[in-house]
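[1] predicted model, plus sequence, below.
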Amino acid sequence: MAINAAVGLSAGSELDDVPVVQRVIQQTGSIGCILRGEGLDVGSLENYQKSYYYLLGHSRWFSNTMKGSDRRALDGTKEKGKRTIDYSIVIPVFNEEDNLPELYQRLTKVMSALNANYEIIFVDDGSQDNSFQILKGLHEKDNNVKVIRFTRNFGQHPAVMAGFSAAKGDIMITLDADLQNPPEEIPKLIDKLDDGYEVVFGVFQRRKHSAFRRAGSSFAKWALVRILPGETTDLSGFRALRSYTVAQLKLLNEKSKFLDGLLCWMGYKVGKVEVAHEERHSGKTKYTPFKLLSLWLDMVVSFTNLPLKIAIFGGLFLGVVGLALALFYLIRYFLYGFGVPGFATIVILITFFSGVQLFALGILGEYIGRMNKEVKNKPEYIVRDKLS
């Protein structure tokens with residue numbers, strides 16, 4: 001790679017050659033000089049950051065050296081005189097008034113212990129309770145809290161995307177407002193990113209969801225193995241991402257986004273780490289069976305044409321079965337000389353094949369409906385208020 005050439009490594013050299021990496025840092029004075037272009041021809045801030053993360057991911061010595069607060073000491077990455085933000089925590093909120101005070105208290109305690117600059121972005125997804133008033137109060141007493149308020153409920157994934165659009169941190173973290181994702185587990189995600197990963201998902205040791213939700217998660221995992229590139233299928237809404245992965249995610253203009261699938265599809269280095277999963281602190285889940293079904297459809301339809309292929313081959317199979325039955329009854333008629341009395345048979349066959357046809361049309365309709373959604377190009381969400 002160009003990075004290897006710039007630091008004087010041959011094509012076959014390993015970045016784990018500690019003396020070589022140490023020599024480069026000593027010659028240029030600091031890691032910031034290396035990445036800024038005095039040791040590497042990186043050309044832009046984006047390449048600068050990628051160069052840093054390349055070294056972080058490909059050199060065990062470099063990764064260990066730059067862990068913790070040291071990795072934020074990158075000369076020249078931010079404009080002088082401006083406060084840098086290390087972490088952006090994005091939290092979609094929908095009718096969570098009883099959970100917000102506890103969430104804020106626990107989250108700020110965790111982030112303060114990291115000794116880093118951070119921002120907490122709450123996205124009120126059309127709450128009908130006092131969630132916005134509580135968030136407004138948090139914003140007034142804490143400059144780290146930002147609030148985005150939608151005109152109505154647009155859904156969790158649009159809320160997360162709105163938070164990403166407002167976030168300015170080098171690392172972005174998402175979690176739910178129901179406290180099933182304990183804020184105390186955030187350092188685990190950050191530590192995993194420090195191992196060279198670009199996207200990290202928190203994998204629950206033991207899910208505290210209903211049996212229906214667990215069954216849905218099992219189905220989703222089974223489906224993802226077959227439709228997504230890569231090996232990581234243990235996905236969740238508790239995740240940490242590098243800022244440049246979010247920048248690329250925002251370039252994808254799909255209206256029906258399945259965020260976890262897109263993050264895996266983009267080809268970045270995806271990792272996972274086990275985290276605790278707690279019972280909901282207060283209130284009821286907002287994911288009804290209908291919403292879960294809609295999410296599963298988004299997952300499947302967005303990444304594969306498999307349902308259409310199933311409809312095609314299923315139709316061919318049933319057509320062959322129908323032809324075989326017709327031949328059977330025709331031969332029987334000529335051999336035995338009587339017709340087959342079968343009103344019930346006719347009704348069953350008509351009902352069955354009608355159901356198959358409607359099912360196939362429904363699959364086709366899902367794809368056409370999403371095409372119609374893309375063509376109309378409506379915004380994913382509409383913001384009513386923004387407190388920043």
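    Looks like it came in fine.
[2] now the strands for this protein?
    Per DSSP state E, the chain carries strands over the ranges 87-93, 118-124, 145-150, 171-174, 199-204, 239-242, 270-275, 383-387.
[3] need those in JSON lines with mean neighbour count, distance to I310 and mean pLDDT, can you?
    Every residue, glycine included, has its C-beta placed from N, CA and C. Output for these, formatted as JSON lines (neighbours: other C-beta atoms under 10 Å; distance: least, C-beta to C-beta, whole Å; pLDDT from 0 to 100):
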{"stretch": "strand 87-93", "mean neighbour count": "26", "distance to I310": "33", "mean pLDDT": "96"}
{"stretch": "strand 118-124", "mean neighbour count": "25", "distance to I310": "37", "mean pLDDT": "96"}
{"stretch": "strand 145-150", "mean neighbour count": "23", "distance to I310": "36", "mean pLDDT": "96"}
{"stretch": "strand 171-174", "mean neighbour count": "25", "distance to I310": "33", "mean pLDDT": "96"}
{"stretch": "strand 199-204", "mean neighbour count": "24", "distance to I310": "29", "mean pLDDT": "89"}
{"stretch": "strand 239-242", "mean neighbour count": "25", "distance to I310": "31", "mean pLDDT": "94"}
{"stretch": "strand 270-275", "mean neighbour count": "19", "distance to I310": "28", "mean pLDDT": "90"}
{"stretch": "strand 383-387", "mean neighbour count": "14", "distance to I310": "40", "mean pLDDT": "94"}
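[4] need the ones you listed in a markdown table (columns: distance to P158).
    Output for the strands of the chain, formatted as a markdown table (distance: least, C-beta to C-beta, whole Å):
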| stretch | distance to P158 |
| --- | --- |
| strand 87-93 | 9 |
| strand 118-124 | 9 |
| strand 145-150 | 8 |
| strand 171-174 | 13 |
| strand 199-204 | 20 |
| strand 239-242 | 17 |
| strand 270-275 | 23 |
| strand 383-387 | 11 |
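[5] right, and those - which one's nearest L263?
    strand 199-204 (5.1 Å; C-beta to C-beta).
[6] how about that closest one as PDB, C-alpha atoms only?
    Output of strand 199-204 as PDB, limited to C-alpha atoms (Å, rounded to 0.1, in the frame of the first residue of the first chain):
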ATOM      1  CA  VAL A 199     -17.700  -1.000  13.600                       C
ATOM      2  CA  VAL A 200     -18.400  -2.800  16.900                       C
ATOM      3  CA  PHE A 201     -21.700  -4.400  17.900                       C
ATOM      4  CA  GLY A 202     -22.600  -5.200  21.500                       C
ATOM      5  CA  VAL A 203     -23.700  -8.900  21.600                       C
ATOM      6  CA  PHE A 204     -26.000  -9.700  24.500                       C
END
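[7] can you list the strands that that strand pairs with?
    Strand 199-204 pairs in its sheet with strand 239-242 (antiparallel), strand 270-275 (parallel), by DSSP bridges.
[8] tell me which of these sits nearest to G163.
    strand 239-242 (11.7 Å).
[9] one step back: distance to F150 added to the strands paired with strand 199-204, as TSV?
    Output for the strands paired with strand 199-204, formatted as TSV (distance: least, C-beta to C-beta, whole Å):
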stretch	distance to F150
strand 239-242	21
strand 270-275	28
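[10] D260: which of the ones you listed is closest?
    Closest approach to D260 among the strands paired with strand 199-204 (C-beta to C-beta): strand 239-242, 7.6 Å.
[11] what sits against the residue lying closest to S165 once chain neighbours are set aside?
    Excluding the flanking residues, the one nearest S165 by C-beta to C-beta, 6 or more residues apart in numbering is K250, at 6.7 Å. Under the criterion of C-beta atoms under 8 Å, 6 or more residues apart in numbering, the neighbours of K250 are M161, F164, S165.
[12] and K250, what pLDDT?
    As predicted, K250 sits at a pLDDT of 88.
[13] mind checking how far it is from G355?
    42 Å (C-beta to C-beta, to the nearest Å).
[14] who does the longest helix seen in the chain touch, helix- and strand-wise?
    Ranked by residue count and defined by DSSP state H, the top helix of the chain is helix 343-376. Judged by 3 or more C-beta pairs under 8 Å, 6 or more residues apart in numbering; DSSP states H and E, helix 343-376 is in contact with helix 289-303, helix 306-336.
[15] least trustworthy helix or strand in the protein by mean pLDDT?
    Least confident helix or strand, the chain: helix 2-6 with a mean of 41, by mean pLDDT, DSSP states H and E.
[16] and for G369, the neighbour number?
    13 (other C-beta atoms under 10 Å).
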